[in-house]
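J.: Here's my sequence, what's the structure:
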Amino acid sequence: MSAAQIVIYTDGSARGNPGPGGYGVVMIYGKHRRELSEGFQMTTNNRMELLAVIRGLQSLKRNDIPVKVYTDSRYVSDAVNKRWVFNWEAKRFKNKKNPDLWIEFLEVYRRLNVSFIWVKGHANIPENERCDRLAVEASYGGDKLLIDSGYVNNIGES
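T.: The predicted structure follows:
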């Protein structure tokens, strides 16, 4: 393992599921730290969990540094670590939820050296707790909430 790596913590939230939602990302590289979050008018928890990972990976400026993603989402971590998403892709995501986001994920995932580690949510892991706060706060964005077009257009979960 290289001494230099990027660490990304992610979390997603939806109040009502579906309902207003958001995601939070904490990125750490050496002494550098960056936080990302956005809120949406109507979405699901799984969409926000996956979008957090996508936005974190998309925001990387370099693709030659190994990345470790810590997520409390089994939906995301198992889909990658158990290689389900690649089978879903081979079957063109037939009868699978969130194909729009999985396609976007695979595009950025393939450019990077990414590994996923599942962590228990609400287990006092400071960066995971921070992501949770960012995601929940983003879901309360009022008139600043964005539209999750994939959800609204029935691409996502029903």
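
J.: which residues touch residue 113?
T.: By CB atoms under 8 Å, 6 or more residues apart in numbering, the contact set of residue 113 is 63, 65-67. (C-beta placed from N, C-alpha, C; glycine too.)

J.: now residue 36
T.: Applying CB under 8 Å, 6+ apart, the residues contacting residue 36 are 23-25, 27, 55-56, 59, 134.

J.: Check residue 105 too.
T.: So residue 105 contacts 50, 53-54, 57, 85 (CB under 8 Å, 6+ apart).

J.: re earlier: narrow the contacts of residue 113 to just the buried residues.
T.: Neighbour-count burial (16 or more other CB atoms under 10 Å) applied to those gives residue 67.

J.: Helices of the chain, start to end?
T.: In the chain, the segments counted as helices under DSSP state H are 45-58, 74-81, 84-90, 99-109, 126-139, 149-152.

J.: Comparing those, which stretch has the densest surroundings?
T.: helix 45-58 (a mean of 24; mean count of other CB atoms under 10 Å).

J.: average pLDDT across it?
T.: Averaging pLDDT along helix 45-58 yields 98.

J.: How far off centre is that helix?
T.: On the basis of CA atoms, centre = their mean, to the nearest Å, helix 45-58 sits 2 Å off its chain's mean C-alpha point.

J.: Please write out the alpha-carbon positions of it in CSV.
T.: Output in CSV follows, covering the C-alpha atoms of helix 45-58 (Å, rounded to 0.1, in the frame of the first residue of the first chain):
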residue,chain,number,x,y,z
ASN,A,45,-31.5,7.3,1.0
ASN,A,46,-29.9,4.8,-1.4
ARG,A,47,-29.7,7.5,-4.2
MET,A,48,-28.0,9.9,-1.8
GLU,A,49,-25.6,7.2,-0.5
LEU,A,50,-24.5,6.5,-4.0
LEU,A,51,-24.4,10.1,-5.1
ALA,A,52,-22.1,11.0,-2.2
VAL,A,53,-19.6,8.5,-3.5
ILE,A,54,-19.9,9.7,-7.1
ARG,A,55,-19.5,13.4,-6.1
GLY,A,56,-16.5,12.6,-3.9
LEU,A,57,-14.8,10.6,-6.7
GLN,A,58,-15.6,13.2,-9.3
